[in-house]
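[1] Kindly return the folded structure for what I paste below:
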Amino acid sequence: MNNKVLSVQDAVFPAHPFSGLLAIGREREWRLQEIFPALSLDAEGQVATDVRISYTQARESLLRARHQGGADLGILSGARKSLPALGAMASGMLAQATLAEAMHFGLEYQLIAGAMVQLQLEQGERTSVLTARPLFDDSELQDFLDTDHLATAINVSRALCGPALKIEGVELRGKQQASRSVAEDFFGCTVVYGADTSRIVVNNSALSTLLINPDPELAADSKMRCDAELAAVGLTGRQSLLHKLVSLQCDYRSVPELASALGISERSLHRLLVREGCSYFQIAESLRMEKAKHYLRHTSVSLDDIAAQLQYSDSRSFRRAFKRAVNLTPSEFRLQFCATQR
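    Sure thing, here's the model as predicted:
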């Protein structure tokens, strides 16, 4: 496995993720060259196909675009992106036999399309959940990126299987209540804001939908081309520092333990954290809070036991940390959740 960290400074992201924003910008007559300087746009706002930029460069442009475009921009941008905007991965998705196979292919090669969050599909007995997980530690942009990428995934899935795709629910991070009607019109269902993690629940009946042009040879060829592209830009096996920390359960480890698990010195880990804009404490505490909310929502485990599970010194320390993060005590949070289930 490649142990090199995928950095916010690596110029590996293609222009594909910006196609929706650029289309909106051309219609609204934005000064696209000023908003997206790293894309080297021509006078018509068209981008060279081989350009690649870093996440640091991308986020500066995305923040400008969001300021210009308003609260609905994530939905509107994702809704404008279709299969051709996904690069080499598109042909591989089109060549699959079912929607489920197409989605799994797309998720395996989402970096080909320049994904700036990681989408994951968790299949259950009746429904499946498409979840957006952060690629980098960027709370300022995470809500926008989640919405944009999930809207893109749904738009592409609809292009593959049409009205067979049934969305049962959408939960989004953030508090963009002004965007609710736009989001509900696009997704075709109730949208809840303020979630811990952005996710879409789809009915499994759609996943078995047969696609119209399955082509095993093209699927195999597309897989080889995607593998070659990942290798060419140095992305094979790469993970962001945030993903490495999450996978190593950093909420249960000290900095020295993490450094040892990563095979680097503590000093090198501290330098990496600074370079990638990551806060070890904030990431670890965020993971703890996510687990705490799960216990409070779905179990009757006592606060003392939750505190012990999450390695707080006692329940009082846990209550203080939870109140600081959520603005509710654990008991208030549990009661509030129970009230919504009646």
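[2] got the buried residues for the one helix or strand residue 222 maps to?
    Using DSSP states H and E, residue 222 sits in helix 216-232. Neighbour-count burial for helix 216-232 flags 219, 222, 223, 225, 226, 229, 230 (criterion: 16 or more other Cβ atoms under 10 Å). In this view, the C-beta of every residue, glycine as well, is placed from N, C-alpha and C.
[3] between these, which is nearest residue 327?
    Using Cβ to Cβ, residue 230 is the member of the buried residues of helix 216-232 that lies nearest residue 327, at 41.9 Å.
[4] which outside residues touch the helix holding residue 222?
    With contacts defined as Cβ atoms under 8 Å, 6 or more residues apart in numbering, helix 216-232 is touched by 87-89, 91-92, 94-96, 105, 109, 111-112, 236.
[5] Just give me the closest of the buried residues of helix 216-232 to residue 25.
    Nearest to residue 25 among these, with distances taken as Cβ to Cβ, is residue 229, at 26.7 Å.
[6] Now do the same for that closest one: its pLDDT.
    With respect to pLDDT, residue 229 scores 92.
[7] The closest residue to residue 30 other than its chain neighbours: which element?
    For residue 30, ignoring the flanking residues on the chain, the nearest one in space by Cβ to Cβ, 6 or more residues apart in numbering is residue 68 at 5.9 Å. In this structure, residue 68 is located in helix 55-69 according to DSSP H and E.
[8] Could I get the buried residue list for that helix?
    For helix 55-69, burial by neighbour count (16+ other Cβ under 10 Å) applies to 55, 56, 57, 58, 59, 60, 61, 62, 64, 65, 66, 69.
[9] Which residues outside it are in contact with it?
    For helix 55-69, contacts defined as Cβ under 8 Å, 6+ apart pick out 7-11, 13, 17-18, 21, 24-25, 28, 30, 34-39, 73-74, 76-77, 116, 135-136, 138, 140-141, 144-145.
[10] Remind me what the next helix-or-strand element following it packs against, helices and strands.
    Using DSSP H and E, the helix or strand that directly follows helix 55-69 along the chain is helix 73-80. If contacts are counted by 3 or more Cβ pairs under 8 Å, 6 or more residues apart in numbering; DSSP states H and E, helix 73-80 sits against helix 19-28, helix 55-69, helix 139-161, helix 180-187.
[11] Of those helices, give the one that comes closest to residue 170.
    Smallest distance to residue 170 across these (Cβ to Cβ): 4.9 Å, for helix 180-187.
[12] neighbouring strands for the next helix or strand after that closest one, and are they parallel or not?
    Later in the chain than helix 180-187, the nearest helix or strand by DSSP H and E is strand 191-193. Strands that pair with strand 191-193, judged by DSSP bridges, come out as strand 167-172 (parallel).
[13] gap between the strand it pairs with and the chain center?
    Chain-centre distance of strand 167-172: 15 Å, with Cα atoms, centre = their mean, to the nearest Å.
[14] Show the average pLDDT along that strand.
    On average, the pLDDT along strand 167-172 is 94.
[15] Distance check, residue 132 against residue 43.
    The gap separating residue 132 from residue 43 is 35 Å, by Cβ to Cβ, to the nearest Å.
[16] Might you list the low-confidence residue ranges for this protein?
    Applying pLDDT under 70 to the chain flags residues 1-3, 49, 177-178, 340-342.
[17] Secondary structure element holding the closest residue to residue 266 other than its chain neighbours?
    Once flanking residues are discounted, residue 266 sits nearest to residue 259: 4.6 Å by Cβ to Cβ, 6+ apart. According to DSSP H and E, residue 259 maps onto helix 255-262.
[18] what comes up buried for that helix?
    Neighbour-count burial for helix 255-262 flags 258, 259, 261, 262 (criterion: 16+ other Cβ under 10 Å).
[19] mind checking how far it is from the chain centre?
    Per Cα atoms, centre = their mean, the centroid offset for helix 255-262 relative to its chain is 26 Å.
[20] So what does residue 165 look like in phi/psi?
    Phi and psi for residue 165, reported as degrees, to the nearest 10, are phi -70, psi 110.
[21] For it, grab the count of nearby residues.
    Residue 165 has 19 neighbours, counted by other Cβ atoms under 10 Å.
[22] What are the phi and psi values at residue 133?
    Torsion angles, degrees, to the nearest 10, at residue 133: phi -110, psi 140.
[23] before we move on, the earlier item: could I get the buried residues of helix 55-69 in a markdown table, plus columns for distance to residue 213?
    Putting the buried residues of helix 55-69 into a markdown table (distance: Cβ to Cβ, whole Å) gives the following:
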| residue | distance to residue 213 |
| --- | --- |
| 55 | 35 |
| 56 | 39 |
| 57 | 37 |
| 58 | 33 |
| 59 | 37 |
| 60 | 40 |
| 61 | 35 |
| 62 | 34 |
| 64 | 39 |
| 65 | 35 |
| 66 | 37 |
| 69 | 35 |
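[24] Residue 48: neighbouring residues, count only.
    The burial count for residue 48: 10, using other Cβ under 10 Å.
[25] Assess the claim that it and residue 40 are in contact.
    Yes. Residue 48 is within contact range of residue 40, at 6.0 Å (criterion: Cβ atoms under 8 Å).
[26] list residues touching both of those two?
    In terms of Cβ under 8 Å, 6+ apart, residue 48 and residue 40 are not both contacted by any residue.
[27] What distance do you get for residue 317 to residue 191?
    Look at residue 317 and residue 191: by Cβ to Cβ, they are 35 Å apart.
[28] With neighbour numbers in mind, choose between those two.
    Ranked by neighbour count (other Cβ under 10 Å), residue 317 and residue 191 place residue 191 first, with 25 against 13.
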